[in-house]
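Peer 1: A predicted structure for the sequence below; I have some questions about it.
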Amino acid sequence: MTLKQTMELYELLDDPQITGLDVKDFLEGRGASRVDVETVVGEPGSTDFIRVCIPGRNGKTSGGDAPTLGVIGRLGGIGARPERIGLVSDGDGAIAALAAALKLTQMHNKGDILAGDVMIATHICPNAPTIVHHPVNFMGSPVDMYTMNQHEVSGEMDAILTIDTTKGNRVFNYRGVAISPTVKEGCILPISHDLVSLLEITSGRLAHTFAVSMQDITPYGNQLYHINSILQPCVATSAPVVGVAITAESTVPGCATGASHEIDIATAARFVIEVAKAFGAGTCSFYDEVEFSRFVDLYGSMRQLQTLGRTAVTD
């Protein structure tokens, strides 16, 4: 169960004075031993990046060779103060990622140690700006997407789940959790059957998936439309990346308050935990390595889609 952890993190983060150090103290008070926080200042303000590592029994931090799962809680900010009072819908990704970190920490300390390391990263900003976006406004961030990727994506991550609220659209009109196709080095690959199975087990219903366009997997800053930032980590790594979207039937602005559903957030966290168990143990694959190699042999590298393109464009 992850509902208790989800509710605890929601209450912790729903605070206009919350900082990354507060979250670090909370997690360390629950037994976390590897928590790092770094404050980064941008033009509109600052945010605190936080990274939690839960070591595996045969993980790289222990000298082993089990693969490392990366989990990124992707968002602009957890609050839009003073424009909006309270925790915004965009904060769901941070809550889910940190709830998973708390639960994995508790499991580890009880002796349920996973095979591989799990690295969880997100950032804490209770007063982020908002930005105009169709069909509803999004949350902005004190730092740009390049900086965000620099602090949340690590070369030690062998695969990445990126959790993001994905409610500000009229495309994903169902409430719950959905996963994307696997994205690797500019290629949109087939949806992982292993991840579909785990989502169906953890949600107790048929898996929801969502489509992505080629534009969605290109970097922010190229002036192309993106559904949101859920897949932006894919431009900063060669590891396979899968989006874990927390969705709604209605169109909900990222800057809306009172729009978080703890059951859906807890489902996302629980899915992440089950993937972490299976991935570290080598029983969950994000993509078919042989088929990916064949694709590249036939059509060449698609890594240009991880760049701003032939004409450099800046934000």
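Peer 2: Perfect, I can see it now.
Peer 1: The lengthiest strand in the chain pairs with which strands, parallel or anti?
Peer 2: Selection of the longest strand in the chain by residue count, based on DSSP state E, yields strand 45-54. With DSSP bridges as the test, strand 45-54 is paired with strand 35-42 (antiparallel), strand 118-124 (antiparallel).
Peer 1: Please convert these to a markdown table, extending it with mean neighbour count and mean pLDDT.
Peer 2: Backbone N, C-alpha and C define where each C-beta goes, glycine included. Formatted as a markdown table, the strands paired with strand 45-54 follow (neighbours: other C-beta atoms under 10 Å; pLDDT from 0 to 100):
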| stretch | mean neighbour count | mean pLDDT |
| --- | --- | --- |
| strand 35-42 | 15 | 96 |
| strand 118-124 | 29 | 98 |
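Peer 1: Take those strands and write them to JSON lines, including distance to Phe292.
Peer 2: Below are the strands paired with strand 45-54 laid out as JSON lines (distance: least, C-beta to C-beta, whole Å):
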{"stretch": "strand 35-42", "distance to Phe292": "32"}
{"stretch": "strand 118-124", "distance to Phe292": "23"}
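Peer 1: Val252 is nearest to which of the ones you listed?
Peer 2: strand 118-124 (20.0 Å; C-beta to C-beta).
Peer 1: Run the chain-centre distance for that closest one.
Peer 2: 8 Å (C-alpha atoms, centre = their mean, to the nearest Å).
Peer 1: what are the C-alpha coordinates of that strand, in CSV please?
Peer 2: Listed next in CSV are the C-alpha coordinates belonging to strand 118-124 (Å, rounded to 0.1, in the frame of the first residue of the first chain):
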residue,chain,number,x,y,z
VAL,A,118,16.5,3.1,-7.2
MET,A,119,17.3,6.8,-7.8
ILE,A,120,14.4,9.2,-7.3
ALA,A,121,14.6,12.9,-8.2
THR,A,122,12.3,15.8,-8.2
HIS,A,123,12.2,19.5,-7.1
ILE,A,124,10.4,21.5,-4.6
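Peer 1: any residues touching that strand, and which ones?
Peer 2: Strand 118-124 has contacts (C-beta atoms under 8 Å, 6 or more residues apart in numbering) with 13, 18-20, 23, 47-54, 56, 68-75, 78, 93-94, 97-98, 100-101, 104, 148, 151-154, 156-157, 276, 280.
Peer 1: run the last query once more with 6 Å
Peer 2: The contact list for strand 118-124, computed with C-beta atoms under 6 Å, 6 or more residues apart in numbering, reads 20, 23, 47-49, 51-54, 69-73, 94, 97, 101, 104, 152, 154, 157, 276.
Peer 1: circling back: over the longest strand of the chain, what's the mean pLDDT, rounded is fine.
Peer 2: When pLDDT is averaged over strand 45-54, the result is 96.
Peer 1: Over to stretch 141-156?
Peer 2: 95.
Peer 1: ok, now stretch 161-173?
Peer 2: Stretch 161-173 comes out at a mean pLDDT of 92.
Peer 1: Sort out which residues of the longest strand of the chain are buried, please.
Peer 2: Using 16 or more other C-beta atoms under 10 Å as the test for burial, strand 45-54 gives 47-54.
Peer 1: which SS class is Asp264?
Peer 2: Judged by DSSP: H, G, I helix; E, B strand; the rest coil, the three-state class of Asp264 is helix.
Peer 1: ok, it to Ala276 distance?
Peer 2: As judged by C-beta to C-beta, to the nearest Å, Asp264 and Ala276 stand 19 Å apart.
Peer 1: and what of Val41?
Peer 2: Distance of Val41 to Ala276, given as C-beta to C-beta: 32 Å.
Peer 1: And for Gly63?
Peer 2: 19 Å.
Peer 1: the more surrounded of the two?
Peer 2: Ala276 (27 against 7; other C-beta atoms under 10 Å).
Peer 1: Just confirm that one is within a strand.
Peer 2: No: going by three-state DSSP, the assignment for Ala276 is helix, not a strand.
Peer 1: Am I right that it is in contact with Gly70?
Peer 2: No: the pair Ala276 / Gly70 is not scored as a contact, 9.9 Å apart, by C-beta atoms under 6 Å.
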